[in-house]
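Visitor: Below are the sequence and a predicted model for it; my questions follow.
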Amino acid sequence: NAGVTQTPKFQVLKTGQSMTLQCAQDMNHEYMSWYRQDPGMGLRLIHYSVGAGITDQGEVPNGYNVSRSTTEDFPLRLLSAAPSQTSVYFCASSQMLDPLAGYTFGSGTRLTVV
Amino acid sequence: AQTVTQSQPEMSVQEAETVTLSCTYDTSENNYYLFWYKQPPSRQMILVIRQEAYKQQNATENRFSVNFQKAAKSFSLKISDSQLGDTAMYFCAFNEGGSNYKLTFGKGTLLTVNP
């Protein structure tokens, strides 16, 4: 089925470890983004991309890195995990020419940093 | 920066009754896009309903409808004939359109439908 695929679904990290959350979409969407969801905070934008080779920071970018080498993939890297990065992470994509279509979300990654 | 406010952290409703979730937003744009997303316990984000500000007519999707008040910057969601499967977190979201593709979310309202 077409959509946004996120891996892994669950991950436990030790403080200081690094890891990459994978995100891939097969809908040829130009726009891709990463959000984190914390209780009582809604979804907050970490980084986003409007096309291959173009990325920009969102509301809460510190401690995270992204790249966009292809239209399909938009990985999120945690450089040195901290307990404050314990959260649920969502990747989402959209077609820029049709903003009313909204976003398509991945199923999320629950990350725990101990 | 745009802000989206959901003033009701939690709500409950009896099965088959009607409930309204509130959402207000702040923008200086004339045309923009508003959305309600549902997040059930499965964690999946599901688009429930959408509205373009340029179109004054309120959007409707089956049992879900909105009351869009542009001057008041209000975008409330009405769920009619509530069902147990409507139990979820509901997020209001705003996109200012133009060359800005970012979606700004409210903090969410947890809706519980009681049998």
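Guide: Arrived safely. These numbers come from a predicted model, not from an experiment.
Visitor: For the rest of this, base every contact and every neighbour count on C-alpha atoms.
Guide: OK.
Visitor: Which strands or helices does the helix or strand where residue B:35 lies pack on?
Guide: Following DSSP states H and E, one finds residue B:35 within strand B:33-39. Other elements packing on strand B:33-39 under the criterion 3 or more Cα pairs under 8 Å, 6 or more residues apart in numbering or on different chains; DSSP states H and E are strand B:46-52, strand B:88-95.
Visitor: what does the last one contact?
Guide: It stands for strand B:88-95. Here strand B:88-95 makes contact (Cα atoms under 8 Å, 6 or more residues apart in numbering or on different chains) with A:42, A:99, B:2, B:4, B:6, B:23, B:25, B:32-41, B:101-112.
Visitor: could you point out which element follows that strand?
Guide: Heading C-terminal from strand B:88-95 (DSSP H and E), you reach strand B:104-105.
Visitor: In stretch B:43-61, which residues are buried?
Guide: Of the residues in stretch B:43-61, B:43, B:45-53, B:59-60 count as buried by neighbour count, 16 or more other Cα atoms under 10 Å in any protein chain shown.
Visitor: same deal with stretch A:25-39?
Guide: Neighbour-count burial for stretch A:25-39 [16+ other Cα under 10 Å]: A:25, A:29-37.
Visitor: Can you get me the start-to-end distance on that stretch?
Guide: Terminal residues of stretch A:25-39 are spaced 27 Å apart (Cα to Cα, to the nearest Å).
Visitor: Likewise for stretch B:5-23?
Guide: 6 Å.
Visitor: Quick check: mean pLDDT of that stretch?
Guide: For stretch B:5-23, mean pLDDT rounds to 97.
Visitor: okay, the angle between the longest strand seen in chain A and strand B:88-95?
Guide: Ranked by residue count under DSSP state E, the longest strand found in chain A is strand A:42-51. If you take axes from the mean of the first three to the mean of the last three Cα atoms, to 10 degrees, strand A:42-51 sits at 40 degrees to strand B:88-95.
Visitor: mind listing what strand A:42-51 pairs with, with the direction of each?
Guide: strand A:31-38 (antiparallel), strand A:54-57 (antiparallel) (DSSP bridges).
Visitor: now what about the first one, what contacts it?
Guide: Spelled out, that is strand A:31-38. A:43-51, A:74, A:76, A:87-96, B:101.
Visitor: what does the longest strand of chain A contact?
Guide: Taking Cα under 8 Å, 6+ apart as the rule, strand A:42-51 contacts A:30-37, A:55-61, A:64, A:66, A:68, A:71, B:91, B:104-108.
Visitor: make it 6 Å
Guide: Residues outside strand A:42-51 that contact it (Cα atoms under 6 Å, 6 or more residues apart in numbering or on different chains): A:30-37, A:55-61, B:105-108.
Visitor: likewise stretch B:73-83?
Guide: With Cα under 6 Å, 6+ apart, stretch B:73-83 has contacts from B:15-25, B:63-68.
Visitor: same thing but 8 Å
Guide: Contacts with stretch B:73-83, where a contact means Cα under 8 Å, 6+ apart, come from B:13-26, B:34, B:36, B:63-69, B:113.
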